[in-house]
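Enquirer: my questions are about this predicted structure, shown below with the sequence.
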Amino acid sequence: MQSLFSTIAGATVRWHDLPGVGIPVVFIHGLGCASSYEYPRIAAAPAFRGRRAILIDLPGSGYSDKPHNFTFTTTQQAAVVMEVLDTLDVKQLDLYGHSMGGSIAIEVAEQLGARLRTLAVSEPNFHAGGGMFSRHIAAQPETDFVASGFSALVEEERSAWKGCVQMTSPSAMWRGAKSLVDGISPSWMLRFLNLKCQRALIFGEHCLPDEDATAVVNAGIPLHVVPDAGHSMSWENPSALAAVLAQVFTRNDG
C-alpha cells in the first residue's frame, strides 16, 4: 500500500494504487467500511477493463491510522482525500463514492473542478438526518458507543461486513455517523445537482423506489440500478456493480 502523513488528520492515510490503463478511478468507502476491503474485486472485474484504480482507506478505517483528535466529518475526510490526490498529482480522474463515501465524494468533486471527469455515487446521504444505521449510532453518547455500543454492534453482525467494521475506530464511526445526522449547508443534494461534471446515481435494486432517486432522475441525471442487490452492493453483487461503473466511466472515453 502507499501512504501519506495527513497534516489534516494528524495521522497516516493509506491506499492501494492498482496499475492499469486510462485515467484513474478513485474509490471512497462508506461508514464502517474500507476501500481496501470492498473494491479490489470491483477493480479486478473483467468489465472494469483494466482501469487504474485508487482505493483510499479514510482515516479511522481499514489500514489507515485511527487518530483520536480528528473530527471525522465528511468535510474533513474530503480534505484528506484531496491531500492524497494532490500528492499523487492526479491531473484527471473519475470518482466513485458509496453511502457516506458518496457524500464525501460530492464535497471532493466541488474542489476538483475541471480535474474531475465523472462522479458516480451509490446511495449517498443527500440530506441531514442520516440513515437508520447512522441515526442509531449517533443517538448514543459517544462515550457509551465507544465503551460498549461498538463492540455490541460487531458482535451482532453476521454479514460479510463484519470483517471490515471491526477494523474501524469506534470514535471514527460515531463521529462519522454524527456528521451524517448533522448534515451540511447547502445539502449534499443541492451540491450534487449543481456540479458541472458528468454525474450518475447508482442504487441497489432492492432499495428502490426512493424519493431521492426520483428527484435526481427528474433533474436529468441518469440512474443506474445494480440488480439483485441492496445497499451493500459491492459484496452483494460485485460483478454487476463493476459493470455499472464501467458503463458510467467509459461513456466519455475516446
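Expert: Arrived safely, thanks for sending. Remember, it's a predicted structure, so these values are computed and weren't measured experimentally. Residues are numbered from 1 along each chain as shown.
Enquirer: when you work out contacts or count neighbours from here on, use the C-alpha atoms and nothing else.
Expert: Will do.
Enquirer: can you give me the strands for the stretch 101-250 of the chain?
Expert: Ranges of strands in the stretch 101-250 of the chain, per DSSP state E, counting those that start in this stretch, are 116-122, 198-204, 223-226.
Enquirer: looking at the ones you listed, which is buried most?
Expert: strand 116-122 (a mean of 24; mean count of other C-alpha atoms under 10 Å).
Enquirer: which elements pack onto that strand?
Expert: Taking 3 or more C-alpha pairs under 8 Å, 6 or more residues apart in numbering; DSSP states H and E as contact, the helices and strands that strand 116-122 lies on are strand 93-98, helix 100-112, strand 198-204, helix 238-250.
Enquirer: ok, back up a step: now for the strands of the stretch 101-250 of the chain, which one comes closest to A78?
Expert: Among these, strand 116-122 comes nearest to A78, with 14.1 Å by C-alpha to C-alpha.
Enquirer: can you list the strands that the closest one pairs with?
Expert: strand 93-98 (parallel), strand 198-204 (parallel) (DSSP bridges).
Enquirer: which residues are contacting that strand?
Expert: For strand 116-122, the external contacting residues (C-alpha atoms under 8 Å, 6 or more residues apart in numbering) are 92-99, 102, 105-106, 109, 197-203, 245, 248-249.
Enquirer: ok, the residue nearest the centre of the chain - contacts?
Expert: Nearest to the geometric centre of the chain sits G101, at 2.1 Å (C-alpha atoms, centre = their mean). Applying C-alpha under 8 Å, 6+ apart, we find G101 in contact with I28, H29, G30, L31, P124.
Enquirer: doesn't the fourth one fall inside a helix?
Expert: No - residue assignment for L31, taken from DSSP: H, G, I helix; E, B strand; the rest coil, gives coil, which places it outside any helix.
Enquirer: next one: the residue nearest to it when sequence neighbours are not counted from S179, what distance?
Expert: Of all residues not flanking L31 in the chain, M100 sits nearest, at 5.8 Å (C-alpha to C-alpha, 6 or more residues apart in numbering). Relative to S179, M100 is positioned 9 Å away (C-alpha to C-alpha, to the nearest Å).
Enquirer: overlap in contacts of those two?
Expert: T74.
Enquirer: more crowded one of those two?
Expert: M100 (28 against 22; other C-alpha atoms under 10 Å).
Enquirer: pull the residues that contact the helix or strand bottoming out on mean pLDDT in the chain.
Expert: Taking mean pLDDT, DSSP states H and E as the measure, the helix or strand of the chain with the lowest value is helix 162-165, at a mean of 93. Residues from elsewhere that reach helix 162-165, judged by C-alpha under 8 Å, 6+ apart: G32, C33, A34, Y37, G62, V154.
Enquirer: just the CA atoms of it, as CSV, please.
Expert: Extracted in CSV, the C-alpha atoms of helix 162-165 (Å, rounded to 0.1, in the frame of the first residue of the first chain):
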residue,chain,number,x,y,z
LYS,A,162,-18.2,-7.7,10.0
GLY,A,163,-14.7,-8.4,8.7
CYS,A,164,-14.4,-4.7,7.8
VAL,A,165,-16.3,-2.9,10.6
